[in-house]
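Participant: need coordinates for the below:
(one chain, ligands or ions: 1)
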Amino acid sequence: MFKGLTVLLMIVLEPIGYVRNACQESQAPEAIKKEISEIEILPGYAEGLRGIEQCEFLDMVFAFHQEKRTELQTRLRTGETTGVFASRSPRRPNHLGVTTVKLLGREGNILRVGGADALDGSPVVDIKYCDTSVLEWWSVHDSIRMSSPRVDIVGNIMAGDTRVLLLKAAQLHGHVCPGLALGVMGAVKVMQKVITSGEDIRDYTLFSGMQNCPIDGALFVTGCTPGTNRFVMGSPGNDCFYVMNKAGKGWKVTLKDTNREYIQRHLSDGLSPVARGLAVLDMDFDELLILEPVEEKQ
Ligand SMILES: [Zn+2]
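Facilitator: Next up is the predicted model:
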């Protein structure tokens, strides 16, 4: 009908409000989501909030106001490269974000929400009642997990959820213990560095210099397994592991030789191994482990 005719349409969006929270700078969405945010609706739109208290979950549409770049292909944090429309990257045409948030309360024209991954000052262009019926028909999240099984683990790593990762790693290891916690802590730091540098963790191999509990934590968190041919058992008894790429660049994690004493000193008596493992996660990283970059395979 309109063959050969290109219709250029410009859409002008006007903010209906702004996000307020403590996150001024770009960071992992999981970290921002942990904050409680306020959405301040402009007085001219406040009438539109009538009845919103009934909505437990809302979809918030906002502008990535600090993002100017557009990339039609994007590197996911799990390593794969996909088109922007198969990702949640902010570097997208129109720079719009859509996030489901939980409504925690309303005071006048201010909504208090949890789970928003918008930076402080983000202009909000729409809010709507969240319709999850499609999720009831299909298990959408399962289909994401099928194509990218480590997506949740990567989310836990970037959010620094070592407790969740310890419990998941224990499903592989068989029990929760301080050693497993040390492996998880060290590997989380390494993974955060690899992921934020934009590199693909699948180019990395785990070289183990030990044969006990921590290595299972590192193996689970990095996903470097014998089955993917990315795990090499080195000489045991060195109390360290390396995560390195083919060029021999990467990270070395060493268990400090004083870590046992330090843990012992900071644990109350009579705790179960599970409680000890969980308690280690809250201890000072630098008293337990040494993280250092390596330039060449050692
Ligand atoms: Zn163990």
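Participant: host element of the nearest residue to Leu289 once chain neighbours are set aside?
Facilitator: With C-beta to C-beta, 6 or more residues apart in numbering as the criterion, Leu289 has its nearest non-adjacent residue at 5.0 Å, and that residue is Gly186. For glycine as for every other residue, the C-beta is placed from the backbone atoms N, C-alpha and C. Using DSSP states H and E, Gly186 falls within helix 178-196.
Participant: please compute how far the next helix or strand after that helix lies from its chain's middle.
Facilitator: Later in the chain than helix 178-196, the nearest helix or strand by DSSP H and E is strand 204-208. In terms of C-alpha atoms, centre = their mean, to the nearest Å, the centre of strand 204-208 is set 22 Å apart from its chain centre.
Participant: quick one, strand 204-208 and helix 178-196 angle?
Facilitator: Taking axes from the mean of the first three to the mean of the last three C-alpha atoms, to 10 degrees, one finds strand 204-208 and helix 178-196 inclined to each other by 160 degrees.
Participant: what about the helix holding Gly186, distance to the chain center?
Facilitator: Taking mean C-alpha positions (C-alpha atoms, centre = their mean), helix 178-196 and its chain are 13 Å apart.
Participant: right, and the residue nearest to Leu289 touches Lys252 too?
Facilitator: No: using C-beta atoms under 8 Å, Gly186 is not in contact with Lys252, being 9.5 Å away.
Participant: of those two, which one has the most company?
Facilitator: A direct count of neighbours by other C-beta atoms under 10 Å for Gly186 and Lys252 places Gly186 higher, at 28 against 19.
Participant: what's near enough to touch that one?
Facilitator: Pro214, Gly217, Ala218, Phe241, Val253, Leu289, Leu291 (C-beta atoms under 8 Å, 6 or more residues apart in numbering).
Participant: those residues in helices, which ones?
Facilitator: Within these, residues falling in helices by DSSP state H are Pro214, Gly217, Ala218.
Participant: any idea which strand is longest in this structure?
Facilitator: If you go by DSSP state E, the chain has its longest strand at strand 96-107.
Participant: circling back: can you add neighbour count and pLDDT and give the ones in helices among the contacts of Gly186 back as TSV?
Facilitator: Below are the ones in helices among the contacts of Gly186 laid out as TSV (neighbours: other C-beta atoms under 10 Å; pLDDT from 0 to 100):
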residue	neighbour count	pLDDT
Pro214	29	96
Gly217	29	97
Ala218	28	97
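Participant: distance to the ion added to the residues you listed, as TSV?
Facilitator: Formatted as TSV, those follow (distance: C-beta to the ion, whole Å):
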residue	distance to the ion
Pro214	8
Gly217	9
Ala218	13
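Participant: which of those residues sits closest to Ser89?
Facilitator: In terms of C-beta to C-beta, no member of the ones in helices among the contacts of Gly186 lies closer to Ser89 than Ala218, at 28.5 Å.
Participant: from Leu49, how far off is that closest one?
Facilitator: Ala218 is 49 Å from Leu49, where distance means C-beta to C-beta, to the nearest Å.
Participant: rewinding a little: buried stuff in the longest strand of the chain?
Facilitator: Neighbour counts over strand 96-107 (16 or more other C-beta atoms under 10 Å) mark Gly97, Thr99, Val101, Leu103 as buried.
Participant: next one: stretch 274-285
Facilitator: The neighbour-count check on stretch 274-285 (16+ other C-beta under 10 Å) flags Arg276, Gly277, Leu278, Ala279, Val280, Leu281, Met283 as buried.
Participant: same check on stretch 201-217?
Facilitator: Buried residues in stretch 201-217 (16+ other C-beta under 10 Å): 201, 204-210, 213-217.
Participant: pLDDT of the helix or strand just after the longest strand of the chain, averaged?
Facilitator: For strand 96-107, the following helix or strand on the C-terminal side (DSSP H and E) is strand 110-114. Strand 110-114 carries an average pLDDT of 97.
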